[in-house]
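Visitor: Requesting a structural model of the entry that follows:
(2 chains, ligands or ions: 2)
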Amino acid sequence: MNGMEQTLRALAERFTGLLGADAVITDPVRLRTYECDGLTAHRAVPGLVVLPDSAEQIAEIVRACVAAGVPYVARGSGTGLSGGALPRTDGVLIVTARMRRVLEIDIPNRRAVVEPGVINLDVTRAVRPYGYYFAPDPSSQQICSVGGNVAENSGGAHCLKYGFTAHHVLACEIVTPDGEIATLRAGGPGYDLLGAFVGAEGTLGITTKITVRLTRLPEAVRTLLAAFDTIEAGGAAVSAIIAAGVVPAAIEMMDALSIEAAEAAVGCGYPPGAGAVLIVELDGPAAEVEHQFAEVERLCRKAGAFEIRVAAGDAERALIWKGRKSAFAAVGRISPAYIVQDGVIPRTALPEVLARIDELSAESGVRVANVFHAGDGNLHPLVLFDDAVPGAAERAEEVSGAILDLCIEHGGSITGEHGVGVDKARYMPRMFNETDLDTMQMVRCGFDPAGLCNPGKVFPTPRLCGEVPGVRRGVHPLVAQGKAEQF
Amino acid sequence: MQTVDALAKVCADVRPGEPEEGVLGVVPRWVAAPADVAEAAEVMRVAAEHGLAVVPRGGETRLDWGLPPHRCDLLVDTRRLDRVVEHAAGDLVVTAQAGLPMRRLAEAVAERGQRLSLDVPLAGSTVGGTIATGAAGPLRLLYGAPRDLVIGITIVRADGRTARSGGKVVKNVAGYDLGRLLCGSYGTLGLIVEATFRLHPLPSACAYVTSPVADAGTAHEAVQAVLHSPVVPSALQCWTSPGQGPALGVLVEGVPDGVAARAAHVADLLGPRAAVAEQAPHGWGAYPDGTTLIEVNAPPASLPDLLGALPPEAAAVWSASGHGHVGLPGQMGAGDVASALAKLRGALAPHDGGAVVCYAPEGVREAIDMWGPVPALSLMRRVKDQFDPDHRLSPGRFAGGI
Ligand SMILES: Cc1cc2nc3c(=O)[nH]c(=O)nc-3n(C[C@H](O)[C@H](O)[C@H](O)COP(=O)(O)OP(=O)(O)OC[C@H]3O[C@@H](n4cnc5c(N)ncnc54)[C@H](O)[C@@H]3O)c2cc1C
Ligand SMILES: Cc1cc2nc3c(=O)[nH]c(=O)nc-3n(C[C@H](O)[C@H](O)[C@H](O)COP(=O)(O)OP(=O)(O)OC[C@H]3O[C@@H](n4cnc5c(N)ncnc54)[C@H](O)[C@@H]3O)c2cc1C
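Guide: Residues are numbered from 1 along each chain as shown, chains lettered A, B, ... in the order given. Ligands and ions are numbered 1, 2, ... in the order given. Below you'll find the predicted structure:
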């Protein structure tokens, strides 16, 4: 047994005492079920898996890891698409699956307090009877956890109007990388550490309790599907809607290839012959929605929509969304394998970038199906390949990377919602220079100088935190004078 | 080289500080006004080489907030960094330099029918100052604070290097969000030189529904009724001033027909004394009267406790977003301010709220704890130590002596 194995074994014993045997996994077969998250291309069997039940237990686990110099990674539901929850073979995976309690529903303050393992949609289920919901709605909302949403700053189709998880989290209790329990709050005195924590992909600590903002269910929701001959015409409709001062809850677009896939998979019955379909959803006070919906319909027609379907009720709305929601999985019907890319461009660059993606695809012979959150320029190109053909995966990977370059070239981003994780760390230097990355990592060094909390994610090269010169030691003079408090 | 020569070499606009330029009485030795981002970086680099303590200055509307700096060698005046860098109207995004007055930013984007959904309450306040103070007015209820609207930021670090985070697209999760971290950092983490904001379309109609209310309990009930209605107000405020009962104001924005219907709904909820107007009522979005200014963090249901804890001489302006300001008269003695503050904090603590003193006259400042309990202070100190290891950026101005 080598040193690492010994250390892990000692930790396993310690954790068994702390959590009970059923909350500590050491069996290699069971460990394997945690070897990857939603991005299966990256795999590593964790050294040890623990299933704690409370913040105090997580704090103890973290302290033990730190004392032993062992890296640890938090995991929610493992649906992440950038390898953020990829475990360490030499480390501990801390799974929040037993922390699934909705602790408090506080309607007068329009908030709820939940444990990190609570499933996104369960928050909405719990508060819907009061006329409220939790606005961030990633497509994975039936399975992903709120803790994962916080870490990834997840958004969904409706974030065009309602924003991302960062806009809907009021406070997080966290276990810091020192193993202390602290509460980060938006709007309290001092730095907005909560702002930095949300979206840090689990590299600044583990959240153990989340206070989320609840949003009033809208009085009215209207949804339409518009079919266009070309992507350009669909893009023009999107621009016209935005230019008219309408902020829809969602604007989604699919191209011919992704429509074909969705048809094959779920028979969504979209208008035949469409080069692109647009789904536009408006919500809010009825009087506002009615007016703007008429405007959207008019603008779609003006941009060349040859068919418009308006959902008459929830069932028809679900039908309209069905094709879009199944798009990722559906391409499995038309291609043995595929890469789901996630990049962002300024909305106005849509036509140009899509044309370039077409060119890339033609040049390389790699098919690309385009599904995207058109309202905010978040592209999800699905790069198709046959994994039985030697070299095909590499070619697809190349096209996928070239699409990210296109995004950067147009002033966009390498990820709009799936995060950087391990998958895109190498692309970070294309978007940010060394100083930018160094500055971000100053935050990391502040939180986690030992670098044991989800190491190897987000940044291509870790920054050495080192001993900081000039750091004041001991009691601050203001504290000594009783003018400030220290906790 | 002499410090002043080194500064003059990199920036044409350097001069000795004047006594009236003191930051809460601490007079800067020099004032530098860089002309562009590169010059700002050079100034900060020279400041680092010469170990100068630096305080940024925007429109000076709130330079007197916080504590006096332990030291102020160099005031970096951002007023020449006043360009709109890019207004991408089709993308509803604007990039501006830090010294640009918020009013001018608002005018520039209004030309294309858009707005930055932050109130611009004080003439002259700048982009950088607004971010550095995290300042937001009543629109915060629907649109949030700077932290929710900044999508990209460029700062010059303490060592003079320029760093960027975020970008020009609203949806972006690449890397840490330094923009949110810089919001409300009061010049203690870096000099903000440029920021990119998400914009919203200017609404085509708006209405203010106002009504006096009998007492704290009635105010609370009315606030709750509006919040839980489907009206989606852009803002919901409650005011009080000495000798007067509370009043409520609700802003609805949208298309003309929608606004009319929603305003009527709100008027119904507020009761028979409600009035609807297109113009903002007097004092909308303004600070309460008073000298000592306290920012309260008070979630909606704490309203009765907040109002109940106010001393009779206090004025208050509160938004249902859970933020407000309390003003206390200048003649109030230090001891009375201290006990009023303690009472406020006591009332708000059970609601996870708190009270931070933004400004207090010198005598009062010394008798009170400006910030109250600061959770996670040790983490904040560690972040500060990373950004500013020598503690030269606005030293001592911030929570916990940062
Ligand atoms: C089919 C499908 C559709 C998807 N659609 C969307 C979408 O529309 N929008 C979107 O944004 N994402 C989407 N995703 C990605 C993914 O679901 C989200 O990123 C989600 O928030 C991850 O949650 P999780 O609980 O599965 O987290 P995990 O995958 O378990 O972990 C994700 C990251 O969070 C960290 N983490 C987990 N829990 C904690 C905690 N308590 N404290 C600190 N860090 C923690 C992990 O270390 C890791 O870095 C989709 C994924 C799939 C498979
Ligand atoms: C109704 C209402 C509500 C308000 N709410 C708030 C509130 O909740 N919180 C609040 O703080 N203010 C609030 N304000 C105040 C106001 O908006 C601020 O005064 C203003 O935004 C500061 O801008 P300025 O350019 O005048 O900055 P200055 O007054 O010059 O500076 C303010 C602070 O910011 C720092 N600073 C300035 N520029 C930079 C820069 N480029 N980089 C780094 N640091 C810089 C300064 O060092 C100083 O600490 C409110 C005002 C009103 C009327």
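Visitor: Near B:Q244, how many other residues are there?
Guide: 10 (other C-beta atoms under 10 Å in any protein chain shown). For glycine as for every other residue, the C-beta is placed from the backbone atoms N, C-alpha and C.
Visitor: near chain B, which residues of the stretch 251-400 of chain A?
Guide: Counting by C-beta under 8 Å from any C-beta of the partner chain, the stretch 251-400 of chain A comes close to chain B at A:284-288, A:291-292, A:344-348, A:373, A:376-378.
Visitor: Could you tell me which of the residues you listed count as buried?
Guide: A:284-288, A:291-292, A:344-348, A:373, A:376-378 (16 or more other C-beta atoms under 10 Å in any protein chain shown).
Visitor: In helices, which of the residues of the stretch 251-400 of chain A next to chain B fall?
Guide: Cross-referencing these against helices under DSSP state H gives A:286-288, A:291-292.
Visitor: who touches the residue in the stretch 101-250 of chain B that chain A sits nearest to in this structure?
Guide: Nearest to chain A in the stretch 101-250 of chain B, going by C-beta to the nearest C-beta, is B:R180, at a distance of 2.6 Å. The contact partners of B:R180, by C-beta atoms under 8 Å, 6 or more residues apart in numbering or on different chains, come to A:166, A:192, A:194-196, A:198, B:147, B:150.
Visitor: domain ranges for the chain?
Guide: If you meant another chain, say so; for now it's chain A. A:1-216+A:421-461, A:218-334, A:335-419 (automatic domain parsing).
Visitor: if you could check chain B rather than the one you did, that'd help
Guide: With domains defined by automatic domain parsing, chain B comprises B:3-79+B:389-401, B:84-201, B:205-277, B:292-367.
Visitor: re the thing from before, now the domains of chain A as a markdown table including mean pLDDT?
Guide: Converted to a markdown table, the domains of chain A look like this (pLDDT from 0 to 100):
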| stretch | mean pLDDT |
| --- | --- |
| domain A:1-216+A:421-461 | 96 |
| domain A:218-334 | 94 |
| domain A:335-419 | 94 |
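Visitor: Of the ones you listed, which is nearest ligand 2?
Guide: domain A:1-216+A:421-461 (8.7 Å; C-beta to the nearest ligand atom).
Visitor: what does the stretch 151-300 of chain B put close to ligand 2?
Guide: For the stretch 151-300 of chain B, the residues in contact with ligand 2 (C-beta under 6 Å from any ligand atom) are B:186-187, B:191-192, B:285-287, B:295.
Visitor: closest to B:V250 among these?
Guide: Checking these against B:V250 by C-beta to C-beta gives B:G285 as the nearest, at 13.2 Å.
Visitor: is chain A contacted by stretch B:23-30?
Guide: No. Stretch B:23-30 does not reach chain A (C-beta under 8 Å from any C-beta); its nearest approach is 14.3 Å.
Visitor: which SS class is the residue in chain A positioned nearest to chain B?
Guide: Residue nearest to chain B within chain A: A:G195 (2.6 Å; C-beta to the nearest C-beta). At A:G195, secondary structure determined by DSSP: H, G, I helix; E, B strand; the rest coil is helix.
Visitor: Pretty sure it sits against B:R147.
Guide: Yes. Counting by C-beta atoms under 8 Å, B:R147 is a contact partner of A:G195 at 5.3 Å.
Visitor: Which residues are in contact with each of these two?
Guide: Contacts common to A:G195 and B:R147, judged by C-beta under 8 Å, 6+ apart, are A:186, B:179-180, B:183.
Visitor: So which of A:G195 and B:R147 has more stuff around it?
Guide: Counted by other C-beta under 10 Å, A:G195 and B:R147 do not tie: A:G195 has more neighbours, with 26 against 23.
Visitor: Spatially nearest residue to the more buried one (excluding sequence neighbours)?
Guide: The shortest distance from A:G195 to any non-neighbouring residue, by C-beta to C-beta, 6 or more residues apart in numbering or on different chains, is to B:R180 (2.6 Å).
Visitor: I'd like the average pLDDT over whichever strand or helix holds that neighbour.
Guide: Using DSSP states H and E, B:R180 sits in helix B:178-182. Summarised as a single mean, pLDDT over helix B:178-182 is 97.
Visitor: Following element in sequence after it, please.
Guide: strand B:191-198.
Visitor: Looking at the domains of chain A, spot the one closest to B:R112.
Guide: Within the domains of chain A, the stretch nearest B:R112 is domain A:218-334; the backing value is 9.0 Å (C-beta to C-beta).
Visitor: Three-state assignment for the residue nearest the centre of chain B, please.
Guide: With distances taken as C-alpha atoms, centre = their mean, chain B has B:A135 as the residue nearest its mean C-alpha position (1.3 Å). Following three-state DSSP, we place B:A135 in the coil state.
Visitor: so what's it up against?
Guide: Contacts of B:A135 by C-beta under 8 Å, 6+ apart are B:62, B:118, B:121, B:125, B:129, B:145-146.
Visitor: ranking those residues by neighbours, who comes first?
Guide: B:G129 (28 neighbours).
Visitor: Which residue is it, in the stretch 201-350 of chain A, that comes closest to ligand 1?
Guide: Of all residues in the stretch 201-350 of chain A, A:G202 sits closest to ligand 1, at 3.0 Å by C-beta to the nearest ligand atom.
Visitor: Now that residue, what are its backbone angles?
Guide: Per-residue torsions, A:G202: phi 70, psi 20 (degrees, to the nearest 10).
Visitor: Now do it against B:L75, distance only.
Guide: 40 Å (C-beta to C-beta, to the nearest Å).
Visitor: Could you check which of the two has the larger neighbour count?
Guide: Taking other C-beta under 10 Å, A:G202 and B:L75 do not tie; A:G202 has more neighbours (28 against 24).
Visitor: In contact with the more buried one, which residues?
Guide: A:73-74, A:84-85, A:151, A:453-454, A:457.
Visitor: give me that answer again for 10 Å
Guide: For A:G202, the contacting residues are A:72-76, A:80, A:84-85, A:94, A:147-148, A:150-152, A:419, A:421, A:453-454, A:457-458, by C-beta atoms under 10 Å, 6 or more residues apart in numbering or on different chains.
Visitor: low-scoring stretches of the stretch 101-250 of chain B, by residue?
Guide: B:121 (pLDDT under 70).
Visitor: sorry, back to before: narrow the shared contacts of A:G195 and B:R147 to those that are buried.
Guide: Among those, those classed as buried by 16+ other C-beta under 10 Å are A:186, B:179-180, B:183.
Visitor: out of those residues, who's nearest ligand 2?
Guide: B:C183 (9.8 Å).
Visitor: so the closest one makes contact with B:T130?
Guide: Yes. The criterion here is C-beta atoms under 10 Å, and B:C183 meets it with B:T130 at 9.1 Å.
Visitor: Contact partners for the nearest residue in space to A:P177 that is not next to it in sequence?
Guide: In space, and not counting its chain neighbours, A:P177 is closest to A:D448: 3.7 Å by C-beta to C-beta, 6+ apart. A:D448 sits next to A:66, A:176-178, A:200, A:203-205, A:441, A:454-455, A:465, B:382 when contact means C-beta under 10 Å, 6+ apart.
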